[in-house]
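Colleague: this is the structure alone, sequence omitted:
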Ligand SMILES: Cc1cc2nc3c(=O)[nH]c(=O)nc-3n(C[C@H](O)[C@H](O)[C@H](O)COP(=O)(O)OP(=O)(O)OC[C@H]3O[C@@H](n4cnc5c(N)ncnc54)[C@H](O)[C@@H]3O)c2cc1C
């Protein structure tokens, strides 16, 4: 028997099975947008995903789309009546382009339920329907899918990624590509290509400099799950009589009365319920499916790039979900609740890949307008620990505040044709707290996919040679808000 601790180097002959213009690794939140944008801009595009479906955290992790944008058109009648909508729609909208199209399609097809306006909005979806919508969108745009495939390694030619090695039931194969986009969430392919990265809190974070966080600390993993057979009307009626059990959802800011009204007219209503036992506080999001809610968030501290931690997290979080549900059943409306859907744990933070620019929290907070900005974000910092002066998102962020995302933060350092999108783009831990919510990840995906296609069209081999004005104009023409 082999002894644990020894190691072997193995050479596996691998055929090049495909050639493509743009290759996207990871079909999650950012990856689907990257693939759609590349294909719609005329590039032959392949999307590689380890699971048999797309959507990443949105489908596999039950996460909502925290939009911090107005998601569609003009306000409806009841929305226009609300004081908050004195704001002009164009002033609150953060995301446009394919990101907005996706959000609009979720709502118009009944797959998602969303709230509107203010400096924020949420969309929560039926994950199975969302998976199908994403397949439809890929087919419409001509993206070639390679599902059930792990991206595991790279073939380098000098400073270029000439191909990516994928492992599946078919064996170990290579896909050759002109432009490569790492959308794995953990920067798996960037690491294989030798791009440096930080894990968790970086030495450049203000909290690390102030000594209130340790370099390497990571935001905890967590799990969002769906419960069925929940009578939320009964829960709301009980909360009205027991208002001390109502907690404001920090980023949605509904009062109990607003949330109840929203729920009763079939809109998105998000609340926190306070408990005496574990969980002390849990978040409830209603869905377009009657009797079904999404619940959040038992958490577990660990390293999402370590398979032992990931395995432990799945087991620990599964038992925490059971314990939470058992305790919740004592609440009016939750008596007959059952666990409906809990596909996997969610990893909030691992690597921050070093790009041509490392976005930091001061640039975000001061709204630095970069010449190569490829989109906006507007999410307050959502990670712990956070700097003291940004501890309370309710007071630290002015209304209708937004920040800019520079294209250089999507270009992997020292590699000619490799971009990185989603939560592991080039940002410090604190800046990542604003980038990691879904909508910002999607915006990065759309920009990188578009850039990859433009390079293909113009025969550009090094992403740095793409004129940034051309990229910005194309994005603006797609409806992206710069
Ligand atoms: C518990 C939890 C709750 C959250 N709640 C919210 C919320 O309510 N609202 C919000 O806006 N944000 C929320 N977030 C944050 C947000 O969901 C994520 O930060 C965001 O979705 C990350 O997008 P991504 O594209 O970087 O990664 P993902 O969406 O995780 O996509 C990565 C994709 O790559 C695939 N993949 C990974 N490695 C490989 C590989 N080597 N080869 C092939 N495929 C691979 C994965 O299967 C996945 O499909 C939450 C996060 C967590 C963990």
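Modeller: Noted; the coordinates are in hand. If you're wondering where the values come from, they're calculated on a predicted model, not measured in any experiment. Numbering: from 1, shown residues only.

Colleague: just give me the longest strand of the chain.
Modeller: In the chain, taking DSSP state E as the definition, the longest strand is strand 171-182.

Colleague: quick one: is that one near the ligand?
Modeller: No. Under the criterion of CB under 6 Å from any ligand atom, strand 171-182 makes no contact with the ligand; the nearest approach is 8.9 Å. Where you see a C-beta, it was placed from the backbone N, CA and C, and this is true even at glycine.

Colleague: what mean pLDDT does that strand have?
Modeller: What strand 171-182 shows for mean pLDDT is 98.

Colleague: next one: stretch 244-264
Modeller: For stretch 244-264, the mean confidence score works out to 82.

Colleague: same check, this time on stretch 138-158
Modeller: Mean predicted confidence for stretch 138-158 is 98.

Colleague: which stretches of the stretch 151-300 of the chain form helices?
Modeller: 188-192, 206-209, 232-241, 256-264 (DSSP state H, counting those that start in this stretch).

Colleague: circling back to that earlier point, output the contacting helices and strands for the longest strand of the chain.
Modeller: Counting contacts by 3 or more CB pairs under 8 Å, 6 or more residues apart in numbering; DSSP states H and E, strand 171-182 is packed against strand 16-25, helix 29-40, strand 45-48, strand 160-168, helix 188-192, strand 418-420, helix 438-457.

Colleague: just put the ones you listed in a markdown table and tack on mean neighbour count and distance to the ligand.
Modeller: Converted to a markdown table, the helices and strands packed on strand 171-182 look like this (neighbours: other CB atoms under 10 Å; distance: least, CB to the nearest ligand atom, whole Å):
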| stretch | mean neighbour count | distance to the ligand |
| --- | --- | --- |
| strand 16-25 | 24 | 6 |
| helix 29-40 | 31 | 3 |
| strand 45-48 | 28 | 5 |
| strand 160-168 | 21 | 7 |
| helix 188-192 | 24 | 4 |
| strand 418-420 | 30 | 9 |
| helix 438-457 | 28 | 4 |
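
Colleague: how about the residues of the stretch 201-350 of the chain near the ligand?
Modeller: Going by CB under 6 Å from any ligand atom, the residues of the stretch 201-350 of the chain near the ligand are 222, 223, 224, 297, 346, 347, 348.

Colleague: let me have these in TSV, adding neighbour count as columns.
Modeller: Converted to TSV, these look like this (neighbours: other CB atoms under 10 Å):
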residue	neighbour count
222	19
223	25
224	23
297	22
346	23
347	23
348	23
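
Colleague: residue 481: how many residues sit nearby?
Modeller: Counted with other CB atoms under 10 Å, residues neighbouring residue 481 total 18.

Colleague: roughly how far does it sit from the ligand?
Modeller: Here residue 481 is placed at a distance of 17 Å from the ligand (CB to the nearest ligand atom, to the nearest Å).

Colleague: now do the phi/psi pair for that residue.
Modeller: Main-chain torsions, residue 481, degrees, to the nearest 10: phi -90, psi 120.

Colleague: I'd say it and residue 377 touch.
Modeller: No. Counting by CB atoms under 8 Å, no contact exists between residue 481 and residue 377, whose distance comes to 10.6 Å.

Colleague: quickly list what's touching both of these two.
Modeller: Residues touching both residue 481 and residue 377 by CB atoms under 8 Å, 6 or more residues apart in numbering: residue 94.

Colleague: one step back: most tightly surrounded among the helices of the stretch 151-300 of the chain?
Modeller: Greatest average neighbour count among the helices of the stretch 151-300 of the chain goes to helix 188-192 (a mean of 24), per mean count of other CB atoms under 10 Å.

Colleague: now it, how far from the centre of its chain.
Modeller: 19 Å (CA atoms, centre = their mean, to the nearest Å).

Colleague: so which of the helices and strands packed on strand 171-182 comes closest to residue 262?
Modeller: helix 438-457 (20.4 Å; CB to CB).

Colleague: what's the angle between that closest one and helix 29-40?
Modeller: 30 degrees (axes from the mean of the first three to the mean of the last three CA atoms, to 10 degrees).

Colleague: next helix or strand past helix 438-457?
Modeller: helix 468-477 (DSSP states H and E).

Colleague: show residues contacting that next one.
Modeller: 41, 97, 371-375, 407, 446-447, 450-451, 454, 482.

Colleague: buried residues in it?
Modeller: Within helix 468-477, the residues scored as buried using 16 or more other CB atoms under 10 Å are 468, 471, 472, 474, 475.

Colleague: looking at the residues you listed, which is nearest residue 355?
Modeller: residue 468 (14.2 Å).

Colleague: and the closest one, how far from residue 173?
Modeller: 35 Å (CB to CB, to the nearest Å).

Colleague: so residue 310, which of the three states?
Modeller: helix (DSSP: H, G, I helix; E, B strand; the rest coil).

Colleague: err, residue 333, not the other one
Modeller: Going by three-state DSSP: residue 333 is coil.

Colleague: how about it: what's its closest non-neighbour residue?
Modeller: Leaving aside its sequence neighbours, residue 333 sits nearest to residue 235 (CB to CB, 6 or more residues apart in numbering; 3.3 Å).

Colleague: right, and that neighbour touches residue 331 too?
Modeller: Yes. Checked against CB under 8 Å, the pair residue 235 and residue 331 is within contact range at 6.5 Å.

Colleague: shared neighbours of these two, anything?
Modeller: residue 273.

Colleague: next one: the residue lying closest to residue 464 once chain neighbours are set aside from the ligand, what distance?
Modeller: Closest residue to residue 464 apart from its sequence neighbours, by CB to CB, 6+ apart: residue 411 at 6.6 Å. Distance, residue 411 to the ligand, using CB to the nearest ligand atom: 16 Å.

Colleague: give me the neighbour count for residue 411.
Modeller: For residue 411, using other CB under 10 Å, the count is 27.

Colleague: residue 62 against residue 297, yeah?
Modeller: No. Applying CB under 8 Å, one finds residue 62 not in contact with residue 297, separated by 9.9 Å.

Colleague: save the contacts of helix 468-477 as CSV, and put in pLDDT too.
Modeller: Shown next, in CSV, are the contacts of helix 468-477 (pLDDT from 0 to 100):
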residue, pLDDT
41, 98
97, 92
371, 97
372, 98
373, 97
374, 97
375, 94
407, 98
446, 98
447, 98
450, 98
451, 98
454, 98
482, 88
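
Colleague: show me what residue of the stretch 251-400 of the chain gets nearest to the ligand.
Modeller: In the stretch 251-400 of the chain, the residue that lies nearest the ligand is residue 346 (2.6 Å; CB to the nearest ligand atom).

Colleague: quick one, what contacts that residue?
Modeller: 57, 61, 62, 63, 221, 222, 223, 224.

Colleague: now it: phi and psi?
Modeller: Taking degrees, to the nearest 10 as the convention, residue 346 sits at phi -110, psi 140.

Colleague: what's the burial count for the closest residue to it other than its chain neighbours?
Modeller: For residue 346, ignoring the flanking residues on the chain, the nearest one in space by CB to CB, 6+ apart is residue 61 at 4.0 Å. A count of nearby residues for residue 61, using other CB under 10 Å, gives 22.
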